[in-house]
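*Asks:* Below is the sequence, then the predicted model.
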Amino acid sequence: MQIYKVGGAVRDRLLGKAVTDIDWVVVGATTEEMLAKGFRPVGADFPVFLHPKSGEEYALARTERKSGRGYGGFTFHASPEVTLEEDLIRRDLTINAMAEDDQQNLTDPYHGQRDLEERILRHVSPAFAEDPLRVLRVARFAARYAELGFKVAPETLELMRQLSASGELQALTAERSWKEISRALMEDQPQVFIQVLRDCGALKVLMPEVDALFGVPQPEAHHPEIDSGLHTLSVLEQSALHKQPLTVRWACLLHDLGKGLTPEEEWPRHIAHEHKGLKLIKAVNERFKAPKDCQELALLVGQYHTHGHRALELKASTLLELLQSFDVYRRPQRFEEFIVACEMDARGRKGLEQRSYPQADYLRGAANVARSVAVQPLLEKGFKGPELGEALKRERLKALKAYKESAVP
């Protein structure tokens, strides 16, 4: 029995990055031997075990063969005869197909270390094209390591194009896709993930609504970058630069989908794109079964982001309606995420990334004013039921009018 550290732990150590998760491969062992040593089995599809003390995962060396469509369409074979090289060749990228023993002696049959040094994301073998999930994984690695200068190898990108055109991507489950998408969006350069998916044709398959934005112009006076797709990438980039949570990044990706529906004869204007985009945002949300908080914020940002940009011009009554739509009294965090998503949208414009966004503090102030209106005095006046709601609304409107007069020159 020989035990090797494999995959990401080896890759990140060689890159000088912090190693968080460690995967282990066991060569020359049987399930019975692992159980006898106190390992606990967890793998239903193939033999994976938890270490009796550390709880880390140890997998028996295995080979795999394509047997059906999609990510799960594989049969696995694990036995003591499977070599380390046979186990490593089934992995996605050369930089993930290295192993080391307890003395840090490197086993690198597919030249992963060379590709690390040359900053290349390259597939290990032609079997790469058998697993559609790898399209998403490679795009995610491209986003993770973009700051180090990593690029997808041309021949790997070509395999990704073939996979995208094969219909295999449609076989991915919503859960598997979302896991990769959400992880990619939380990388330092998530816009690279979207760009790589577009480069290989996968974006048109997975998110045609986002892909449709590329080549659609916007008024240059407001959007010096002009192209709606490039604007979306820039907004996503800003959301990562400002360390925003997944909810905000997802909303940033989907906020302008309505612009993809504008007839060409109306370009570069996009009248009512906020409302038109809602059905598209809903479709993308449902396709990937995004978490509820991501779904809700994406829809609200899609519908109201231009309200955010025009906050200083809004009538007090419109401002109150906006606050009510977000339920700022019980869900203040959701409104805060809306505000920062609007700010990322404003910053995601060529040459305007550093421009101040006074609307943010103005909206925060308005929410505080509305929340500070006390209910108790109205109860003491005898208001109750629907009448209490109307009275509370009137008082909030009065407070917002006063706030607007004092805050807007």
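*Replies:* Perfect, thanks for sending it.
*Asks:* I'd like the mean pLDDT over the longest helix seen in the chain, please.
*Replies:* Ranked by number of residues, the top helix in the chain under DSSP state H is helix 385-407. The average pLDDT for helix 385-407 rounds to 93.
*Asks:* Buried residues, that helix. List them.
*Replies:* Neighbour-count burial for helix 385-407, counted by 16 or more other C-beta atoms under 10 Å, picks out 391, 392, 393, 395, 396, 397, 399, 400, 401, 403, 404. For glycine as for every other residue, the C-beta is placed from the backbone atoms N, C-alpha and C.
*Asks:* Okay, helices next: where are they in the stretch 51-200 of the chain?
*Replies:* Secondary structure of the stretch 51-200 of the chain, counting by DSSP state H, counting those that start in this stretch: helices at 84-89, 112-118, 133-144, 154-166, 174-185, 190-199.
*Asks:* Distance of residue 238 relative to residue 164?
*Replies:* Separation of residue 238 from residue 164 (C-beta to C-beta, to the nearest Å) stands at 28 Å.
*Asks:* correct me, but residue 146 touches residue 194?
*Replies:* No: taking contacts as C-beta atoms under 8 Å, residue 146 lies outside contact range of residue 194: 11.8 Å.
*Asks:* For residue 268, which of the helices of the stretch 51-200 of the chain is the nearest?
*Replies:* helix 190-199 (21.1 Å; C-beta to C-beta).
*Asks:* Compute the inter-axis angle for that closest one and helix 133-144.
*Replies:* Orientation check (axes from the mean of the first three to the mean of the last three C-alpha atoms, to 10 degrees): helix 190-199 against helix 133-144 gives 140 degrees.
*Asks:* packing partners for helix 190-199?
*Replies:* helix 133-144, helix 174-185, helix 202-206, helix 228-241 (3 or more C-beta pairs under 8 Å, 6 or more residues apart in numbering; DSSP states H and E).
*Asks:* For residue 146 and residue 194, indicate the residue with more neighbours.
*Replies:* Neighbour totals were compared for residue 146 and residue 194, and residue 194 leads with 25 against 20 (other C-beta atoms under 10 Å).
*Asks:* mind listing what the residue nearest to that one when sequence neighbours are not counted touches?
*Replies:* The shortest distance from residue 194 to any non-neighbouring residue, by C-beta to C-beta, 6 or more residues apart in numbering, is to residue 233 (6.1 Å). Residues near residue 233 by C-beta atoms under 8 Å, 6 or more residues apart in numbering: 191, 194, 195.
*Asks:* for residue 51, same thing?
*Replies:* Listed by C-beta under 8 Å, 6+ apart, the contact set of residue 51 reads 24, 39, 57, 58.
*Asks:* again, 10 Å this time
*Replies:* With contact set as C-beta atoms under 10 Å, 6 or more residues apart in numbering, residue 51 has these partners: 24, 34, 37, 38, 39, 40, 57, 58.
*Asks:* Please flag which of the residues you listed sit within strands.
*Replies:* Of those, the ones assigned to strands by DSSP state E are 24, 40, 57, 58.
*Asks:* Identify the farthest-apart pair in those residues.
*Replies:* Every pair of these checked by C-beta to C-beta; the farthest is 24 and 40, at 14.0 Å.
*Asks:* what about the two, which has more around it?
*Replies:* Higher neighbour count among residue 24 and residue 40: residue 24, with 19 against 12, using other C-beta under 10 Å.
*Asks:* about what we covered before: report all helices and strands that the longest helix of the chain contacts.
*Replies:* Judged by 3 or more C-beta pairs under 10 Å, 6 or more residues apart in numbering; DSSP states H and E, the packing partners of helix 385-407 are helix 316-326, helix 358-372, helix 376-380.
*Asks:* Export only the CA atoms of the second one, formatted as PDB.
*Replies:* Pointing back at helix 358-372 there. C-alpha atoms of helix 358-372 as PDB (Å, rounded to 0.1, in the frame of the first residue of the first chain):
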ATOM      1  CA  PRO A 358     -23.500  59.500  -3.900                       C
ATOM      2  CA  GLN A 359     -26.800  57.600  -4.500                       C
ATOM      3  CA  ALA A 360     -25.500  54.900  -2.100                       C
ATOM      4  CA  ASP A 361     -25.400  57.000   1.000                       C
ATOM      5  CA  TYR A 362     -28.600  58.800   0.000                       C
ATOM      6  CA  LEU A 363     -30.500  55.500  -0.300                       C
ATOM      7  CA  ARG A 364     -29.100  54.300   3.000                       C
ATOM      8  CA  GLY A 365     -30.200  57.500   4.600                       C
ATOM      9  CA  ALA A 366     -33.700  57.200   3.200                       C
ATOM     10  CA  ALA A 367     -34.000  53.600   4.500                       C
ATOM     11  CA  ASN A 368     -32.900  54.800   8.000                       C
ATOM     12  CA  VAL A 369     -35.400  57.600   7.900                       C
ATOM     13  CA  ALA A 370     -38.300  55.300   6.900                       C
ATOM     14  CA  ARG A 371     -37.300  52.700   9.500                       C
ATOM     15  CA  SER A 372     -37.100  55.400  12.300                       C
END
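*Asks:* If you average the pLDDT over that helix, what comes out?
*Replies:* For helix 358-372, mean pLDDT rounds to 97.
*Asks:* Likewise for the shortest one?
*Replies:* Computed over helix 376-380, the mean pLDDT rounds to 87.
*Asks:* roughly how far out does it sit from the chain middle?
*Replies:* With C-alpha atoms, centre = their mean, to the nearest Å as the basis, helix 376-380 stands 46 Å off its chain's centre.
*Asks:* what does it rub up against?
*Replies:* Under the contact criterion C-beta under 10 Å, 6+ apart, helix 376-380 has outside partners 383, 384, 387, 388, 389, 390, 391, 392, 394, 395.
*Asks:* Closest one to residue 286 out of the buried residues of helix 385-407, please.
*Replies:* Checking the buried residues of helix 385-407 against residue 286 by C-beta to C-beta gives residue 393 as the nearest, at 33.3 Å.
*Asks:* who's in contact with that closest one?
*Replies:* 317, 320, 321, 324, 370, 373.
*Asks:* Mind giving me the PyMOL select for these, buried ones only?
*Replies:* Burial among those is assessed by 16+ other C-beta under 10 Å; the matching PyMOL selection reads:
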select buried, resi 320+370+373
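*Asks:* for the contacts of residue 393, which one is nearest residue 346?
*Replies:* Taking C-beta to C-beta as the measure, residue 346 sits nearest to residue 321 out of the contacts of residue 393, at 21.6 Å.
*Asks:* Appreciated, that's everything.
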